[in-house]
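**Student:** A predicted structure for the sequence below; I have some questions about it.
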Amino acid sequence: MFLGATKPLKKLDTILPKRYRKYMNPQKTLVLFSGGRDSSCAVIEMLRAGYFVRLFTCQAVSSETTGPKGDSAPDIRQKELITNFPNKIDAERVIRKDAYLIRKLAISRTNKTHVVYPIAIALAIHSEAILYCLKNNIKNIACGYSGYQSKEDRYIEQSTDFFELMKSFLKEYGIEYHAPVINKTKKEINDILEQCNIESSSLENKSIFGDIEFDTNKALEFWNESIPVCRDYISKMQSFDIIKE
């Protein structure tokens, strides 16, 4: 080095405190997005954690309900989120409209086994999300599951036990599963949304399975019967993608 020459600058990501480095090259995460309070809050929390967010909506049962202007709850919330967090959220929301796995897991088995429809729908949505992540090299999926929902409305798929089962299922495919609002109260979620200028009123349709009490043991049996079906579906869909390429 010549006399008087300065030392080369260190890379910025080694100078910054660790808590800021994650924002330099953010990982992508797929957020399962209904347009409701909880999934919207999950988006904010994943942004806060340093991720770049891509929204994923799976219309497993029916098309989105739209208002007089033709926009749906996810459309409205997506616009609010992108307005408040530009360049942090992918402008294009991923929408999947395939009820095949719902039919395979639930409808076709109605007279053969004890079907737990919320579990079937959750598995179908997550299976589609897994396929999307594998195809697009995304290693993280986040959901808006909240503890208050599972306690107040008996949404069994949002309970801690079934969240852990889903987490293990996603791990089989090298995907980390996040539930950033699972321990938050309704008030805490509303406060986060309002602090970020996001509408805190509920826009999504209420689940037809809410307020129904499910037998946990039978739900677990249904889960164990359904997981092989999901694995087989993912494997076959991946093989179809290879053929198309």
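**Tutor:** Happy to help now that I have it.
**Student:** from the middle of its chain, how far away would stretch 51-58 be?
**Tutor:** With Cα atoms, centre = their mean, to the nearest Å as the basis, stretch 51-58 stands 7 Å off its chain's centre.
**Student:** what do you get for stretch 184-204?
**Tutor:** 17 Å.
**Student:** counting contacts, what elements does the lengthiest strand in the chain pack onto?
**Tutor:** Of all the segments of type strand in the chain, defined by DSSP state E, the longest one is strand 52-58. Here strand 52-58 touches strand 28-32, helix 37-48, helix 73-84, strand 94-96, helix 117-136, going by 3 or more Cβ pairs under 8 Å, 6 or more residues apart in numbering; DSSP states H and E. C-beta here means a position set from N, CA and C on the backbone, and glycine is covered the same way.
**Student:** Paired strands for the fourth one, with orientation please.
**Tutor:** What it means is strand 94-96. strand 52-58 (parallel) (DSSP bridges).
**Student:** about what we covered before: I'd like to know which of the helices and strands packed on strand 52-58 is closest to Ala106.
**Tutor:** Ala106 lies closest to helix 117-136 among the helices and strands packed on strand 52-58, at 3.8 Å (Cβ to Cβ).
**Student:** Just the buried residues of that closest one, please?
**Tutor:** Within helix 117-136, the residues scored as buried using 16 or more other Cβ atoms under 10 Å are 117-134.
**Student:** What of stretch 103-115?
**Tutor:** Lys104, Leu105, Ala106, Arg109, Val115.
**Student:** farthest pair in those residues?
**Tutor:** The span of the buried residues of stretch 103-115, defined through Cβ to Cβ, is set by Lys104 and Val115 at 11.5 Å.
**Student:** Report the contact partners of the residue most central in space within the chain.
**Tutor:** Note on the chain: the residue nearest the mean C-alpha position is Leu32, at 2.5 Å, using Cα atoms, centre = their mean. The contact partners of Leu32, by Cβ atoms under 8 Å, 6 or more residues apart in numbering, come to Ser39, Phe56, Thr57, Cys58, Ile125, His126, Ala129, Ile141, Ala142, Cys143, Gly144.
**Student:** Please enumerate the helices of this structure.
**Tutor:** 12-15, 18-21, 37-48, 73-84, 100-105, 117-136, 147-152, 160-171, 186-195, 216-244 (DSSP state H).
**Student:** Ser202 is nearest to which of the ones you listed?
**Tutor:** Here helix 37-48 is closest among these (Cβ to Cβ), at 5.9 Å.
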